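Trainee: Task: produce atomic coordinates for the following.
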Amino acid sequence: MSELQRPERRAALRRKSPSPFPDAGLRGHGHYERRLPVWRFRLRNQLIPIVRWETPYLARMQKACRRPWLDTYFAFTANLGTHTFFMTALPICFWCGYTDIGIAMVHMLAMGVYLSGFVKDLACLPRPLSPPLHRITMSGSAALEYGFPSTHTTNAVSVALFCLYQLHLVRENYSGVAYNVLRASLYCYATSITFGRMYCGMHGFFDVIFGAGLGATIAWVRIAYGAMFDSWVLADGWMRPAIVVALLTLAIRVHPEPADNCPCFDDSVSFVGVVMGIELGIWHYAQRAAGSAMSAPSPGSLYPTASSDPVKATARIVGGILVIFLWRAVMKPTLLRVLPPIFRFVAHGGLSIPRRYFLQAREYRNVPPLRKDDNVIPPAMDIPALVSSLRNPRKRRVSVGPQSEADAREYIANRMQRRQKRRNSRGSTGAASTKHRPSDAGASSDSGKEDEKNDREMFSALEKPRIRYDVEVITKLVVYAGIAWLAVEGNPLWFEAVGII
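Mentor: Below you'll find the model as predicted:
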């Protein structure tokens, strides 16, 4: 008997996979009322009218602005606000002499991804309704996430504001024209990403305003306290980095459970792992240089100035990236193979990771090869396709209609609310009789059957979230902590050994 034929496997799949026609969808907010604590359900009910109110205005704006070249531009530039773009560029900062900038970016992006994901899973608010909006995207998984707030906007605003501050500090190094051009470029970057999320129908005004505020707060925290925090971690023994790791572990544990199968938690885990690896790697690198007289060193002061020789710089970048992909290619399948028996053994003692949409180790035997399971750094084999998509930005996807289970539920709930308002309106004017006429009852029955048929077709056409396994949480932590450690300690060590730094 194959694994898929095992009764317990089939039962687990039924429990974890979204139903082709979830009955909760037909009962409007009943799904969220059952799955959310009372205070979160009330919060969602207070915020959901904002999403519905702003949708027609967003649709009018999109219709007035739509141009083929703008579709291409905003679909393409959205990649500049993604986790993948930043995580690909950040290691290069550490290998090319910009360590302070690199660690600041890591901290801001980690806070942005974690906090925006925290709020998304807390409030469970959908993206703006489609229809009437068109969704323009180059990402196949974006619609599976909630809409509020916009992580793209959070990342873009925090990075732009921090870079503006850094630019201001070294203003005397630039001519007036160069300084103003750089400032304008940063403003354009943040504005383009923010407006582009609304143009593409992926976010509303509320999403980007909150995201921008969150990004500005993160940038302020980093500017005001970042250097102090870095020195605090490095200026003592192992206890301080251990405290940081413990707090990050707690952050994973308190991340809210979403009402739908939203992958925001996965991204948060990945970036928490990155910060763990960064802090441990830089602290250990500082211990190796403990003979220096620095009482409170900064990350930038620990590393030798990177050589500007283009051959050596290229060797560092190419060699460092190859090591990172080799680490990922080896560790990910190894952990997915080794961890399930350990999880099953630990579960006998009553310990587990009880995330709602993660299949528990006792309910499966092996983890199959996972594809498209990571929104942060793609597998090496997917890089050619990714590069091809960037070279051909017109290969975007424009769609109308719900794209995820959460979208579909909100579409149905919104439809029911509109009908209820129409019925109430007719009743208040006295147009409706106190007794239903047989023809009205028959029409209502026919309408209900037609809705049910259309809803079944709608749910069957949705992109289904894949099954996620409990061992993926620890796997992501270890893999991404390792990637970060390689960026700040592992690779610099062998760079020094072979003389390319």
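
Trainee: The residue nearest to residue 327 when sequence neighbours are not counted: neighbour count?
Mentor: Leaving aside its chain neighbours, residue 327 sits nearest to residue 482 (5.4 Å; criterion: C-beta to C-beta, 6 or more residues apart in numbering). Where C-beta positions appear, they are placed from N, C-alpha and C, glycine not excepted. Neighbour count for residue 482, taken as other C-beta atoms under 10 Å: 21.

Trainee: so what's residue 482 up against?
Mentor: For residue 482, the contact set (C-beta atoms under 8 Å, 6 or more residues apart in numbering) comprises 277, 327, 331.

Trainee: quick one: average confidence on the host helix or strand of the last one?
Mentor: In this structure, residue 331 is located in helix 310-347 according to DSSP states H and E. Predicted confidence along helix 310-347 averages 88 (mean pLDDT).

Trainee: Stretch 207-223 now?
Mentor: Here the average pLDDT along stretch 207-223 is 96.

Trainee: For residue 198, which residues are in contact?
Mentor: 58, 61, 62, 204, 205, 208.

Trainee: what about the strands in the stretch 1-150 of the chain?
Mentor: When assigned using DSSP state E, counting those that start in this stretch, the strands of the stretch 1-150 of the chain occupy the ranges 135-137.

Trainee: residues touching residue 107, list them.
Mentor: Applying C-beta under 8 Å, 6+ apart, one finds that residue 107 lies in contact with 222, 226, 229, 275.

Trainee: Just send these back as JSON lines, with neighbour count and secondary structure too.
Mentor: As requested, the contacts of residue 107 are arranged in JSON lines below (neighbours: other C-beta atoms under 10 Å; DSSP: H, G, I helix; E, B strand; the rest coil):
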{"residue": "222", "neighbour count": "21", "secondary structure": "helix"}
{"residue": "226", "neighbour count": "17", "secondary structure": "helix"}
{"residue": "229", "neighbour count": "16", "secondary structure": "helix"}
{"residue": "275", "neighbour count": "24", "secondary structure": "helix"}
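
Trainee: Let's have those in JSON lines, adding distance to residue 189.
Mentor: Formatted as JSON lines, these follow (distance: C-beta to C-beta, whole Å):
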{"residue": "222", "distance to residue 189": "18"}
{"residue": "226", "distance to residue 189": "21"}
{"residue": "229", "distance to residue 189": "26"}
{"residue": "275", "distance to residue 189": "24"}
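
Trainee: Of those residues, which is the nearest to residue 343?
Mentor: residue 275 (24.1 Å; C-beta to C-beta).

Trainee: burial count for residue 253?
Mentor: By other C-beta under 10 Å, the residues close to residue 253 number 7.

Trainee: isn't residue 48 right up against residue 125?
Mentor: Yes: between residue 48 and residue 125 there is a contact under C-beta atoms under 8 Å: 6.5 Å.

Trainee: any shared contact partners between these two?
Mentor: Contacts common to residue 48 and residue 125, judged by C-beta under 8 Å, 6+ apart, are absent.

Trainee: Tell me where the stretch 301-450 of the chain has strands.
Mentor: 358-359, 397-399.

Trainee: Among these, which one carries the weakest average confidence?
Mentor: strand 397-399 (a mean of 67).

Trainee: Show me the shaky parts of the stretch 401-501 of the chain.
Mentor: The model of the stretch 401-501 of the chain has pLDDT under 70 over residues 401-406, 408, 427-449, 451, 454-465.

Trainee: circling back to that earlier point, and the furthest pair within the contacts of residue 198?
Mentor: 62 and 208 (13.9 Å).

Trainee: These two - which one has more neighbours?
Mentor: Using other C-beta under 10 Å, the more surrounded residue of residue 62 and residue 208 is residue 208, with 26 against 18.

Trainee: Are we agreed that the more buried one is in a helix?
Mentor: Yes: under DSSP: H, G, I helix; E, B strand; the rest coil, residue 208 falls within a helix.
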